[in-house]
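Undergrad: only the shape, not the letters, is given here:
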């Protein structure tokens, strides 16, 4: 995997982060439609999984090195 060397001032500027955020919003919209008995099951699991994508990206970007940022993306 290769990370662009263009200057990025924050992880929020990365297209992959914006896509991850849009996925979180869509997952929450869709899981609202699930039956109530799934609130603590499938709904919760899907929401946590979606949120973890952006979290891993942010964590990798905040570690300060190219290798750490790459590892944050490889977790997914």
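TA: Ah, there it is. The shown structure was predicted, so the numbers you read here are calculated from the model rather than taken from an experiment.

Undergrad: need the helices for this structure, in chain order.
TA: 15-31, 42-62, 66-74 (DSSP state H).

Undergrad: give me the mean pLDDT for the second one.
TA: This predicted structure assigns helix 42-62 an average pLDDT of 92.

Undergrad: list the buried residues of that helix.
TA: 43, 46, 50, 51, 53, 54, 56, 57, 58, 59, 60, 61 (16 or more other Cβ atoms under 10 Å). C-beta here means a position set from N, CA and C on the backbone, and glycine is covered the same way.

Undergrad: which other helices and strands contact it?
TA: helix 15-31, helix 66-74 (3 or more Cβ pairs under 8 Å, 6 or more residues apart in numbering; DSSP states H and E).

Undergrad: next one: it to chain centre, how far?
TA: A distance of 4 Å separates the C-alpha centroid of helix 42-62 from that of its chain, computed with Cα atoms, centre = their mean, to the nearest Å.

Undergrad: next, the angle from it to helix 15-31.
TA: 170 degrees (axes from the mean of the first three to the mean of the last three Cα atoms, to 10 degrees).

Undergrad: return the member of the buried residues of helix 42-62 nearest to residue 25.
TA: residue 50 (8.9 Å; Cβ to Cβ).

Undergrad: surely that closest one touches residue 22?
TA: No: if you go by Cβ atoms under 8 Å, residue 50 and residue 22 don't touch, sitting 9.9 Å apart.

Undergrad: any residues in contact with both of the two?
TA: Residues touching both residue 50 and residue 22 by Cβ atoms under 8 Å, 6 or more residues apart in numbering: none at all.

Undergrad: measure the spatially closest residue to residue 57 that is not a sequence neighbour to residue 62 for me?
TA: For residue 57, ignoring the flanking residues on the chain, the nearest one in space by Cβ to Cβ, 6 or more residues apart in numbering is residue 17 at 5.3 Å. Separation of residue 17 from residue 62 (Cβ to Cβ, to the nearest Å): 12 Å.

Undergrad: so for these two, which residues contact both of them?
TA: residue 11.
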